[in-house]
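Student: Structure, please.
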Amino acid sequence: MRRQHMALPSHVPVLIAGGGPVGLMLAALLAEYGIASLTLEADDDYCSGSRAICISRRSQEIMGWAGADRPLMATGLAWTGGRSYYRDREVLHFEMPHDPLQRYAPMVNIQQYSVEEYAHQAMQRHPELASLRWSTRVAGLRTDADGVTVEVDAEGQRQTVRADWLIACDGGRSTVREAMGLKLEGMQYEGRYVIVDIEQESQRPVERLAWFDPPSNPGSTLLMHRQPGNVWRVDYQIRDDEDPEEAVKPENVLPRVQSHLDMIGETAPWKPLWISIYNAKCLTLDSYRHGRVLFAGDAGHLVPIFGVRGLNSGLDDAGNLAWKLAWVLKGQAPDGLLDSYSVERVHATRQNLAYGAKSTEFMAPPDYGFRLMREAALRLSLVDDSVRSLINPRQSAPISYDTSPLNLEDRAPRAGAAAPGQPAPEALLHDGETPRHLSEYFGAGFVALAFSPDAAQAAELDALGASTQRAPHPLRVLRVDAGEGGLRDTHGQLRQRFGGDAGTVYLMRPDGYVLGRWTTPAASALRAALKPYYPSIDLNAH
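Tutor: Numbering: from 1, shown residues only. Alright, predicted model coming up:
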């Protein structure tokens with residue numbers, strides 16, 4: 001239990017309500033951009049028990065912008081695929097896209113409290129900018145055109161903090177959302193899952209494991225994930241007529257777990273660590289910006305666990321919001337830039353909810369019709385390989401911002417898949433003899449990526465980069481296969497994934513999304529594209 005008795009500051013640029021993984025990661029990213037924040041967490045320590053456990057490649061990249069990826073990679077258990085069983089027969093073995101040259105694994109299993117710890121450690125790289133107060137919660141707020149006045153309960157004492165911006169990261173029962181009279185809209189599923197963490201040694205490979213109607217728990221669906229520290233996460237569905245209070249009592253839980261461990265041959269001694277219950281929700285706010293208040297993570301949306309989109313979508317919120325808020329607070333962009341945060345992330349949530357709903361309807365069928373269709377798919381999968389893909393819940397993946405107001409007209413439509421609004425594909429390059437992943441250049445300023453520029457184009461790009469050097473986060477110019485001083489596409493991944501001919505230029509946002517692309521663009525076109533984000537750029541320069 002952590003205690004503090006320091007008075008809160010009377011004013012902060014950014015006040016973050018909620019010190020879970022999303023709030024802490026946002027604070028760490030803002031600090032990397034030089035933005036001061038104060039984070040308030042109602043609990044007195046990191047979360048306990050079984051929460052989110054699967055961290056996607058995109059989330060690992062976002063955590064890497066603040067240096068929080070290194071401990072996660074050292075501790076977490078990487079995995080690339082999984083298996084599904086109908087009764088006692090395997091009906092699916094899937095693999096997520098990956099190759100040995102990737103910087104990050106497709107997915108890493110690790111407990112949420114470790115993610116919170118690593119994000120907090122990343123905050124502490126900038127103690128003068130990022131502050132966290134435990135046992136402190138928002139009690140009320142008043143908004144106006146210039147900021148938010150927040151009433152705060154800190155260990156029994158009421159204090160007032162004035163913030164230029166308030167970011168609600170305070171979870172599914174958000175106090176900020178309630179204080180503003182906002183409601184999540186969508187649907188909630190009735191199917192319930194008991195969630196159990198147990199400690200047991202195992203040599204089984206790290207995979208996502210799913211059983212439908214297993215002999216160990218007839219009529220149920222059961223999921224298993226290995227976690228660090230010899231921990232198994234077990235989720236199993238209970239019948240609609242089961243009392244949820246009775247369902248989580250150890251005398252009812254432990255025999256079901258033991259039956260399944262016996263069935264799969266896990267015979268080592270074990271003990272329970274955590275038991276809770278869950279049901280899927282597909283809910284979101286219509287907008288994540290309300291004046292000077294912005295919402296991120298579960299405060300703005302609740303996504304089903306199937307496909308592991310909950311925490312991962314929250315970290316993507318943080319990665320999207322951090323650079324935009326920094327640009328606004330540094331005076332590099334008007335606050336209208338934050339409207340695009342809401343447009344992009346609400347779009348992403350609706351995509352995640354659509355995928356999550358499909359997965360939920362398969363994993364926890366809401367009515368007889370869905371149960372009948374699932375039973376038919378499972379039975380057919382025993383004899384027909386073409387049906388087996390229906391059993392695989394689509395895993396979390398970066399969402400394309402196809403409707404973003406920031407997207408520029410595509411001036412290189414034949415270049416490849418990385419069109420404006422899409423996340424830049426990863427590629428392994430070489431800086432001399434040093435390997436560098438493209439994603440290593442994201443998380444700070446904008447990036448210009450030029451394919452085999454000639455001498456004149458290279459000079460124009462260097463001049464463009466130089467014109468931003470006084471900005472807090474200058475433009476980074478990457479010249480690929482352009483002779484001395486450039487990067488080399490040694491493995492051909494960049495050309496395969498971006499499809500750029502000589503002279504093609506991509507501009508990418510700090511969060512790794514493509515802003516625009518051109519085939520041999522005039523310098524004036526690139527300057528005009530970057531002017532909204534780098535006001536110092538001279539549009540008349542030659």
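Student: just so I have it, where are all the helices in the stretch 251-400 of the chain?
Tutor: Using DSSP state H, counting those that start in this stretch, the helices of the stretch 251-400 of the chain run over 310-329, 337-363, 368-381.
Student: which residues touch Ile195?
Tutor: Contacts for Ile195 (CB atoms under 8 Å, 6 or more residues apart in numbering) come out as 50, 233-235, 274-278. Heads up, the C-betas are built off the backbone N, CA and C, glycines and all.
Student: Repeat the analysis, applying 10 Å as the threshold.
Tutor: Going by CB atoms under 10 Å, 6 or more residues apart in numbering, Ile195 touches 49-51, 53, 223, 233-236, 248, 253, 274-278, 305.
Student: Now do the helices in this structure.
Tutor: All helices of the chain, identified by DSSP state H, fall at 21-32, 57-64, 69-75, 112-123, 175-179, 244-247, 250-264, 310-329, 337-363, 368-381, 455-466, 493-498, 523-530.
Student: Skip the chain neighbours and tell me the closest residue to His290.
Tutor: Residue nearest to His290 in three dimensions, not counting chain neighbours: Met180, with 6.3 Å by CB to CB, 6 or more residues apart in numbering.
Student: isn't that neighbour right up against Gly291?
Tutor: Yes: the criterion here is CB atoms under 10 Å, and Met180 meets it with Gly291 at 9.5 Å.
Student: shared neighbours, the two?
Tutor: By CB under 10 Å, 6+ apart, the residues touching both Met180 and Gly291 are 143, 166.
Student: the more surrounded of those two?
Tutor: Between Met180 and Gly291, Met180 has the larger neighbour count (other CB atoms under 10 Å), namely 18 against 15.
Student: How far does the helix or strand of the chain with the lowest mean pLDDT sit from its chain's centre?
Tutor: Lowest by mean pLDDT, DSSP states H and E among the helices and strands of the chain is helix 368-381, with a mean of 80. Centroid displacement of helix 368-381 relative to its chain, using CA atoms, centre = their mean, to the nearest Å, is 32 Å.
Student: so what does that helix touch, helix or strand wise?
Tutor: Packing partners of helix 368-381 (3 or more CB pairs under 10 Å, 6 or more residues apart in numbering; DSSP states H and E): strand 81-86, strand 89-95, strand 208-212, helix 337-363.
Student: Comparing those, which comes out most buried?
Tutor: The highest mean neighbour count among the helices and strands packed on helix 368-381, using mean count of other CB atoms under 10 Å, belongs to strand 208-212: a mean of 22.
Student: Please name the strands paired to that strand in the sheet, noting orientation.
Tutor: According to DSSP bridges, strand 208-212 forms sheet pairs with strand 81-86 (parallel), strand 221-227 (antiparallel).
Student: Taking helix 250-264 as reference, get the angle to it.
Tutor: 100 degrees (axes from the mean of the first three to the mean of the last three CA atoms, to 10 degrees).
Student: Strand 208-212: how far from the chain's middle?
Tutor: 24 Å.
Student: any idea of the mean pLDDT for that strand?
Tutor: Averaged across strand 208-212, pLDDT comes to 93.
Student: Let's see that strand as CSV, backbone CA atoms only.
Tutor: Only the C-alpha atoms of strand 208-212 are listed here, as CSV (Å, rounded to 0.1, in the frame of the first residue of the first chain):
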residue,chain,number,x,y,z
ARG,A,208,-4.2,-19.7,-27.2
LEU,A,209,-6.2,-22.9,-26.3
ALA,A,210,-9.9,-23.3,-26.7
TRP,A,211,-12.3,-26.2,-26.1
PHE,A,212,-15.9,-26.4,-27.2
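Student: Which positions in stretch 171-188 come out as buried?
Tutor: 171, 174-177, 179-180, 182, 184, 186 (16 or more other CB atoms under 10 Å).
Student: now the end-to-end length of that stretch.
Tutor: 16 Å (CA to CA, to the nearest Å).
Student: again with stretch 40-51
Tutor: 20 Å.
Student: could the buried residues of stretch 171-188 be laid out in TSV, adding distance to Ala448?
Tutor: Listed next are the buried residues of stretch 171-188 as TSV, based on distance: CB to CB, whole Å:
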residue	distance to Ala448
Gly171	39
Ser174	39
Thr175	43
Val176	38
Arg177	39
Ala179	43
Met180	40
Leu182	39
Leu184	40
Gly186	40
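Student: if I look at Gly172, how far off is Ala463?
Tutor: As for Gly172, its distance to Ala463 is 50 Å (criterion: CB to CB, to the nearest Å).
Student: do Glu199 as well
Tutor: Distance, Glu199 to Ala463, using CB to CB: 60 Å.
Student: do the same with Gly485
Tutor: If you measure Gly485 against Ala463 using CB to CB, the figure is 15 Å.
Student: Of the two, give the one with the bigger neighbour count.
Tutor: Neighbours around Gly485 and Ala463, counted as other CB under 10 Å, are more numerous at Ala463. The numbers are 15 against 10.
Student: Distance-wise, check the residue lying closest to that one once chain neighbours are set aside relative to Val505.
Tutor: Excluding the flanking residues, the one nearest Ala463 by CB to CB, 6+ apart is Ala541, at 7.0 Å. Distance, Ala541 to Val505, by CB to CB: 17 Å.
Student: Between these two, point out the one with more neighbours.
Tutor: Val505 (28 against 12).
Student: And that one, how close does it get to Ala415?
Tutor: For Val505, the distance to Ala415 equals 10 Å [CB to CB].
Student: Kindly report the same for Pro435.
Tutor: 24 Å.
Student: which of those two has more neighbours?
Tutor: With neighbours defined as other CB under 10 Å, Pro435 and Ala415 compare such that Ala415 has more, 21 against 14.
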